[in-house]
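>>> Sequence and predicted model, in that order:
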Amino acid sequence: MTAALKQAIKEKARQLGFTLAGVTSSRPPAHYSTFESWLNAGLHGMMTYLAEDRSRTRRADPKQILPECKSILVLATPYSPVSNELPGPKIASYALGDDYHEVLPVRLKSLVEFIEEQVGHPVTNRYYSDTGPILERELAQRAGLGWIGKNTLLINPKAGSTFFLSEILLDLELEPDHPIISDHCGTCTRCLTACPTQCILPDRSLDARRCISYLTIELKENIPEDLRPLMKDWIFGCDVCQQVCPWNRFSAPADPAFEPKIPLPVLTSDLTLTSVEFNQRFKKSPVRRTKRRGYIRNLAVSTGNNGDQNDLPRLEQAALDDEPLIREHAQWAIQNIKGKHDQTADRDQ
């Protein structure tokens, strides 16, 4: 019955759009000490919620979240394969479609309801998709969904790394799947070499304080000036370590919900977006997490790095914005463009 039930759950998961599914036990993560060391080194930057005592306690043991937990179902849903060809200011592929925080919980709830129908009684559960205090990549590796690559992402040998992870903690005994224990990265170091800010560390962790995804999304303050030129044209997230990963040639097509919906290319005219326009443009997108102030801050840095004098009028307008964060980065971009122009003029003389 257990094997048949697990197979039925996986089949239903596929019908709901979860292209990968695996089961692991509720035992504590074996590599929790690595997470603690990462926190103690301050590599989480200003993501202080990660270091809170309650967060640490729950990540150390799934039963701190759900004492009745007997099994953990780990699932993956594909988003748009990464591209090297998108023009203009760049948004990470996962954010080009609808916000997974809104799409995936609905599917997880449906899967829980299916499980309860199969067993004939309510099942105590908790489900998350990048929202819970769990070490989801380790759980996914244990459940056989992939291995943790040198770029810190979970990589599946048949699907690359372009997918969202979700988890359901269940008061239900299911046979665990076999973990992937082999390291299929081998001697490849393309991700480490390609990372614009060199934030990827040799122990398969990263210095979040230097990661472009952190700088453009999680950081709510001024971006350090020494890192701004290294961000190049990324304005929300970063795909570089996935763009160079050879395993992503196997990336699956995007789930329909996560196919690109944001009008591309992003134009520098967005530097003058009003709050109403920003909210309307990104109302179903993860990009709204940055709020208008963060989005225009990031776009100002990208525009400054591009160095096109034609963008100066819009930057000058942004430099008069009511929001200090926007003003500061717009002024930096103006100075950067003018500085590049002056250097070019000096060389031409």
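Looks like it came in fine.
>>> Can you measure across stretch 113-129, start residue to end residue?
End-to-end distance of stretch 113-129 (CA to CA, to the nearest Å): 17 Å.
>>> any residues touching it, and which ones?
5, 8-9, 12, 65-66, 68-69, 100-101, 104-105, 108-109, 112, 132, 134, 136, 164-172 (CB atoms under 8 Å, 6 or more residues apart in numbering). From N, CA and C alone the C-beta is placed, and that goes for glycine too.
>>> which residue ranges form the helices in the stretch 51-200 of the chain?
In the stretch 51-200 of the chain, the segments counted as helices under DSSP state H, counting those that start in this stretch are 53-60, 100-119, 136-142, 190-194.
>>> Who are the packing partners of the last one?
Taking 3 or more CB pairs under 8 Å, 6 or more residues apart in numbering; DSSP states H and E as contact, the helices and strands that helix 190-194 lies on are helix 240-243.
>>> Packing partners of the helix it packs on?
Secondary-structure packing of helix 240-243 (3+ CB pairs under 8 Å, 6+ apart): helix 190-194.
>>> if we can go back for a sec, most tightly packed of the helices of the stretch 51-200 of the chain?
Of the helices of the stretch 51-200 of the chain, the one with the most neighbours on average (mean count of other CB atoms under 10 Å) is helix 136-142, at a mean of 23.
>>> Surely residue 80 and residue 260 touch.
Yes - contact criterion CB atoms under 8 Å: residue 80 and residue 260 qualify, at 5.8 Å.
>>> ok, those two, which is more surrounded?
residue 80 (20 against 16; other CB atoms under 10 Å).
>>> Please report how far that one lies from residue 136.
21 Å (CB to CB, to the nearest Å).
>>> for residue 19, same thing?
Distance, residue 19 to residue 136, using CB to CB: 16 Å.
>>> for residue 206, same thing?
16 Å.
>>> cool, and residue 228?
If you go by CB to CB, the gap between residue 228 and residue 136 works out to 31 Å.
>>> sorry, back to before: just the buried residues of the contacts of stretch 113-129.
5, 9, 12, 65-66, 69, 100, 104, 108, 112, 132, 134, 136, 164-172 (16 or more other CB atoms under 10 Å).
>>> Which of the residues you listed fall in strands?
164-170 (DSSP state E).
>>> Among the residues you listed, which pair sits farthest apart?
Maximum pairwise distance among those (CB to CB): 19.4 Å, between 164 and 170.
>>> what's around residue 70, how many residues?
Other residues lying near residue 70 total 16 when counted by other CB under 10 Å.
>>> for residue 173, same thing?
11.
>>> what sits against the nearest residue to it once chain neighbours are set aside?
With sequence-adjacent residues excluded and distances taken as CB to CB, 6 or more residues apart in numbering, residue 173 is closest to residue 70, at 4.8 Å. By CB under 8 Å, 6+ apart, residue 70 lies in contact with 25-26, 170-174.
>>> and if we set it to 7 Å?
26, 170-173 (CB atoms under 7 Å, 6 or more residues apart in numbering).
>>> before we move on, what about residue 103?
residue 257.
>>> mind redoing it with 8 Å?
Residue 103 neighbours (CB under 8 Å, 6+ apart): 257-258.
>>> how far away is it from residue 337?
The value you get for residue 103 to residue 337, if CB to CB is used, is 39 Å.
>>> Low-confidence regions, this protein specifically.
Where the chain drops to pLDDT under 70, the residues are 1, 342-349.
>>> ok, for residue 270, nearest residue in space, not its chain neighbours?
Of all residues not flanking residue 270 in the chain, residue 299 sits nearest, at 5.7 Å (CB to CB, 6+ apart).
>>> give the contact list for that neighbour.
89, 235, 266, 268, 270-271.
>>> care to break the protein down by domain?
Split into domains by automatic domain parsing, the chain comes to 2-79+97-170, 190-246+261-338.
>>> Out of those domains, flag the one nearest residue 255.
That would be domain 2-79+97-170 among the domains of the chain, by CB to CB, at 5.0 Å.
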